[in-house]
Every structure is written in C-alpha cells, then in structure tokens.
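*Asks:* task: produce atomic coordinates for the following.
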Amino acid sequence: MSETLILVVIIVAVALVFDYINGFHDAANSVATIVATRVLTPFQAVLWAAFFNFIAAVPLLISGNASVAKTVGSGMVELKYVTPLVILAGLLGAIAWDLITWWLGLPTSSSHALIGGYAGAAMVRVMIEEGVTNGFKAIVFAGWAKTLIFIVVAPILGMALAYLLMIIVYWSFRKSTPYSMDLWFRRLQLLSAALFSYAHGANDAQKTMGIIAGVLVAAGYLDRFRIDSWVVLAAHTAIALGTMTGGWRIIRTMGSRLTRLKPRGGFCAETAGAMAILFPTYLGIPVSTTHVITGAIAGVGAIRRPKSVRWALATNIVWAWVLTLPASACVAGLFMALIHVVAGHS
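*Replies:* Predicted coordinates for the structure are as follows:
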C-alpha cells in the first residue's frame, strides 16, 4: 500500500470522525425541542432523529445531485492549493473547535467550523509557500459570498417563519383549549422533528462528502470532482451514529435555557427550521442548522412576549457564531503550520 493511499485512508477516516462529531454536536438541533416538550425521552428522540438523518441519503443516491457538497469541496477554496495535508489540517481544526464549544455547552456551527478550518489551512499553506500577503489567493470569494449572506439570512428566516407559524397556529386553534392543543401538537411534533432531522442530514452530511471528494481529487484518485455512492452512505451513516450518541450539554441550552417550549411551539420551531434549511440546500448553499433552529426557537418565544426569550444567552450564542469561522480557521492554520514543520523534519 502506497504512502499516498495510507494518507488518504487516514484523512477519509478523520472526515468521517468529524461527521460523527457533527451529529454528536448538532444532536441538540434535531431533538432539543421534542425533548424539552417531553414528547419523547432523550433516548427515543435521538433514535428518531438519527433514522431521518440517514434517510436523507436516499434522494442523493437517486439523483446524484449533491450541490452542497460541490460548493464546500470545490467552490470555496482554490483546488490548486488543496493537498491531502491541507484537508487533514482543516478537519483537525474543525474537530478541535467543535469539541471546545461542546465542552462549553455552546451551540456553534459544525458546518462553519469545517469550512473555516478548510479555508484557514489552505491560506496558511499559501502563506508558507508564497508569502504571508498572498494567503487570500486560496479563497474563492464568489463561493463565500452566498455562505456569508446566509449566516445572517438563515437564522432570521427561521425566526420569521416560526413567528408566522405560531400566529397561524394560535388563530387556527383560537377556540381550542390549551390541553387539546397540546394533545394535537404532541403528535404533530413527531412529524416536525422528523422533517427537521431530515433537513439536518440533507445539508450537513453533504459538507463531509465535499471534503472526502476533495481529498480524492487532490490525491489523484478521482479525475474530476464528483460524489460517489459509497461517500454518500458513509457520510450519512457517520452523522446518524453521532446523533444517536447525542450532545446533552447543548440540548439543555437549546431546549430549556433559551426559552420555555410547549408542543405547539416545538412543532413551529422544527417546521420553520426545516423549511429554512431545505431552501438553501436546494440552492447548494451550506447553512448552519444550529443557527437556524436557534433563530426558530427565539421566534417561538417572542410570539408570547419578547422577554420570554433569554436574550443575554442568545447574545452569547451569537458571539460564538461570529467567532466560529475565524477561530476554526486559526486552529486549522496552526495544525497546518505544525504539519509543515513535522513534514520538513521527517
């Protein structure tokens, strides 16, 4: 077995570990509301979410149209600067940042940690080889524009849709008792949680697919950028297993500390979140499921009264969002520099 093949196998394994941690870290996105409303126990909820994370692979296997994966793998970083070691450093940076924020209980974006780490590692490689001032040559600015826009648009869209759905629900059930409303929405929330978990898998798993395809192209095992069926199945399996493991620190923040939820609120938050994720997924834009569901939960809370949302906590979450791209890029850049030093002395 050649050294290149061994390195590629290691990097693919690390990418799948990241995908697993993505599911582990973002499990709260899929199950926080349904756990907070006590429709399902935590164990039942993660099994439900993991199943629909995996099922999201089916349309990709049928159509082969993994547009988000193509954006992440080849539309944000110049492929001529990408090597297997760049991708390895990017993955290590994203994993490190995810674990740090998981330990702190902050619902940051695994997606943005990945693309930030990928870009940071590529920039440091260019800086090492062509000078510090040339780092931005590694960036495809057109690809970043849509992603940066949706960092702002996605959570606002989730909040607005959740607020609108809550108005529709209150108007439609204006003659119902709170008990009968909860009875209906405890059942409906099973569907909304399934839809959100499906949307989560559809967008997030593709990001790892893009990274795996990127390393196969960089190593010369693919003649062009494409997503093979085994990559789709491996990525969806990893994210589903990660979701089954769960991330209970973040579930507590998302499900109860941000605002108090009832089943009707959980239904609206999950449905709005799914809609706000599936739309950019169709456009091939990687978005943060964490950002979207946080915005949706805040929108549900604000319909009762703005003070019902713990805005101080929400502000801390927003700061964590802002820091994710530069922080993961810096951590991945450090890994890239370390790899360069180690490789230079080997």
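*Asks:* need the residue closest to the centroid of this protein.
*Replies:* residue 111 (4.0 Å; Cα atoms, centre = their mean).
*Asks:* looking at the longest helix seen in the chain now, give me its mean pLDDT.
*Replies:* In the chain, taking DSSP state H as the definition, the longest helix is helix 178-218. Average pLDDT, helix 178-218: 89.
*Asks:* now do it: distance to the chain's middle.
*Replies:* 10 Å (Cα atoms, centre = their mean, to the nearest Å).
*Asks:* do stretch 35-46 as well
*Replies:* On Cα atoms, centre = their mean, the centre of stretch 35-46 falls 21 Å from that of its chain.
*Asks:* just the CA coordinates for it, please, in CSV.
*Replies:* The C-alpha trace of stretch 35-46 is given here as CSV (Å, rounded to 0.1, in the frame of the first residue of the first chain):
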residue,chain,number,x,y,z
VAL,A,35,-37.2,16.6,24.5
ALA,A,36,-38.0,20.0,26.0
THR,A,37,-41.7,19.5,25.4
ARG,A,38,-41.5,15.9,26.7
VAL,A,39,-43.0,14.3,23.6
LEU,A,40,-40.1,11.8,23.6
THR,A,41,-37.5,10.8,26.0
PRO,A,42,-33.9,11.8,25.1
PHE,A,43,-33.1,8.2,24.1
GLN,A,44,-36.2,7.9,21.9
ALA,A,45,-35.6,11.3,20.4
VAL,A,46,-32.0,10.6,19.3
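*Asks:* in the stretch 1-150 of the chain, what spans have low per-residue confidence?
*Replies:* Counting by pLDDT under 70, the stretch 1-150 of the chain contains low-confidence ranges at 1, 25-30, 32-33, 36-37, 106-107.
*Asks:* the same query, at a cut-off of 80, please.
*Replies:* Within the stretch 1-150 of the chain, the segments meeting pLDDT under 80 span 1, 22, 24-43, 101-102, 104-110.
*Asks:* now do the helices in it.
*Replies:* For the stretch 1-150 of the chain, the helices defined by DSSP state H, counting those that start in this stretch cover 3-36, 42-55, 57-63, 67-74, 84-104, 110-130, 141-172.
*Asks:* coming back round to it: what angle do the longest helix of the chain and helix 42-55 make?
*Replies:* Angle of helix 178-218 versus helix 42-55, following axes from the mean of the first three to the mean of the last three Cα atoms, to 10 degrees, is 50 degrees.
*Asks:* got the angle between helix 178-218 and helix 3-36?
*Replies:* Using the same axes, to 10 degrees: helix 178-218 against helix 3-36 is 170 degrees.
*Asks:* what's in contact with the very next helix or strand once past helix 178-218?
*Replies:* Once the chain leaves helix 178-218, the next helix or strand it forms, by DSSP states H and E, is helix 229-245. Here helix 229-245 makes contact (Cβ atoms under 8 Å, 6 or more residues apart in numbering) with 16-17, 19-27, 30-31, 46-47, 49-51, 53-54, 56-57, 60-61, 66, 197, 201, 204-206, 208-209, 212-213. Every C-beta, even on glycine, is put in place using the N, C-alpha and C of the backbone.
*Asks:* check the offset of stretch 59-75 from the chain's centre.
*Replies:* Averaging C-alpha positions (Cα atoms, centre = their mean) puts stretch 59-75 15 Å from its chain's average.
*Asks:* C-alpha coordinates for it, PDB please?
*Replies:* Output of stretch 59-75 as PDB, limited to C-alpha atoms (Å, rounded to 0.1, in the frame of the first residue of the first chain):
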ATOM      1  CA  PRO A  59     -32.600  11.400  -2.700                       C
ATOM      2  CA  LEU A  60     -28.800  11.900  -3.200                       C
ATOM      3  CA  LEU A  61     -28.400   8.200  -4.200                       C
ATOM      4  CA  ILE A  62     -31.200   8.500  -6.700                       C
ATOM      5  CA  SER A  63     -30.400  11.900  -8.200                       C
ATOM      6  CA  GLY A  64     -26.700  12.200  -7.600                       C
ATOM      7  CA  ASN A  65     -27.100  16.000  -7.200                       C
ATOM      8  CA  ALA A  66     -25.000  16.800  -4.100                       C
ATOM      9  CA  SER A  67     -24.900  20.500  -4.800                       C
ATOM     10  CA  VAL A  68     -23.900  21.500  -1.200                       C
ATOM     11  CA  ALA A  69     -21.000  19.000  -1.300                       C
ATOM     12  CA  LYS A  70     -19.800  20.600  -4.500                       C
ATOM     13  CA  THR A  71     -19.900  24.100  -3.000                       C
ATOM     14  CA  VAL A  72     -18.000  23.000   0.100                       C
ATOM     15  CA  GLY A  73     -15.500  20.800  -1.700                       C
ATOM     16  CA  SER A  74     -14.600  22.900  -4.800                       C
ATOM     17  CA  GLY A  75     -16.500  26.200  -4.600                       C
END
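*Asks:* tell me the residue in the chain that is farthest from the middle.
*Replies:* Largest centroid distance in the chain under Cα atoms, centre = their mean is residue 175 at 39.0 Å.
*Asks:* any idea whether that residue is helix, strand or coil?
*Replies:* Under DSSP: H, G, I helix; E, B strand; the rest coil, residue 175 falls in the coil class.
*Asks:* any idea how far residue 166 is from it?
*Replies:* 17 Å (Cβ to Cβ, to the nearest Å).
*Asks:* go on, residue 133?
*Replies:* Counting by Cβ to Cβ, the gap from residue 133 to residue 166 is 51 Å.
*Asks:* the two: who's more crowded?
*Replies:* residue 166 (22 against 9; other Cβ atoms under 10 Å).
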